[in-house]
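>>> following is a predicted model, sequence given first.
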Amino acid sequence: MPSDVVRVIYRKYDGSAHRDYPARRLAEDDLGVWLGVPVGTESVYHGRPSVEQIPFVLLVPRHAWWTGMFNPPPRTSEVYCDIATPARWEGGETVHLVDLDLDVVRRRETGLVELRDEDEFAEHRARWNYPDDLVAEAEAAAGWLLGALGDGSEPFATSYRKWLALVV
């Protein structure tokens, strides 16, 4: 039986720390594992301690090259997807991901969907010599998300709201 608490660990491609935080396992369905992060959760961002001021829900899909963060107001991004390597689970209690810089975001007020951090992706691709297959997977995931966040596809339309309600 998996633990109720999951440690979420994102690293960069060179192995450096990116994000690390505990989350509560809310559910697992055909979309993946839904994790809740309430206000007050102690976390580490870019090697620095932090405390979550706004709750969120993280969807960790199976075998996909992204994760989805679903946010309540006042956060300006309703949905924030990190392009990342597919999740590697350790004992059901820890999930490891490699953040690949690119992000696809849907803005709350306007519904605008945008691709972010292309410059960081290009810089890290050169610095850390991203393999061609990794680049292709990352770019394909970003392309798919650009469409899915804008066209009413689930889980980006409404299905996340029931999970977000559990942490708000």
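Sure thing, it's come through.
>>> so in the protein, which helix runs the longest?
helix 132-148 (DSSP state H).
>>> in terms of secondary structure, what does it contact?
strand 77-84, strand 94-107, strand 113-116 (3 or more Cβ pairs under 8 Å, 6 or more residues apart in numbering; DSSP states H and E). Glycine gets a C-beta too; all of them are placed from N, C-alpha and C.
>>> any weak-confidence spans in this protein?
1-3 (pLDDT under 70).
>>> distance of residue 50 from residue 22?
13 Å (Cβ to Cβ, to the nearest Å).
>>> where do the contact lists of the two overlap?
42, 43 (Cβ atoms under 8 Å, 6 or more residues apart in numbering).
>>> and stretch 5-14, what's buried?
Counting neighbours by 16 or more other Cβ atoms under 10 Å, one finds that the buried residues in stretch 5-14 are 6, 8, 9, 10, 11, 12, 13.
>>> out of the residues you listed, which comes closest to residue 107?
Nearest to residue 107 among those is residue 10, at 22.6 Å by Cβ to Cβ.
>>> name the residues that touch stretch 8-24?
Against stretch 8-24 from outside (Cβ under 8 Å, 6+ apart): 4-7, 35-38, 41-47, 52, 58, 60, 82, 84, 94-100, 124, 127-128, 130, 167.
>>> what residues are up against the nearest residue to residue 39 once chain neighbours are set aside?
In space, residue 39 comes closest to residue 55 once its chain neighbours are excluded; the distance is 5.2 Å by Cβ to Cβ, 6 or more residues apart in numbering. Listed by Cβ under 8 Å, 6+ apart, the contact set of residue 55 reads 36, 37, 38, 39, 72, 164, 167, 168.
>>> strands - which of the residues you listed land there?
36, 37 (DSSP state E).
>>> was I right about residue 75 contacting residue 54?
Yes: assessed by Cβ atoms under 8 Å, residue 75 is found in contact with residue 54 at 5.2 Å.
>>> sounds good, over and out.
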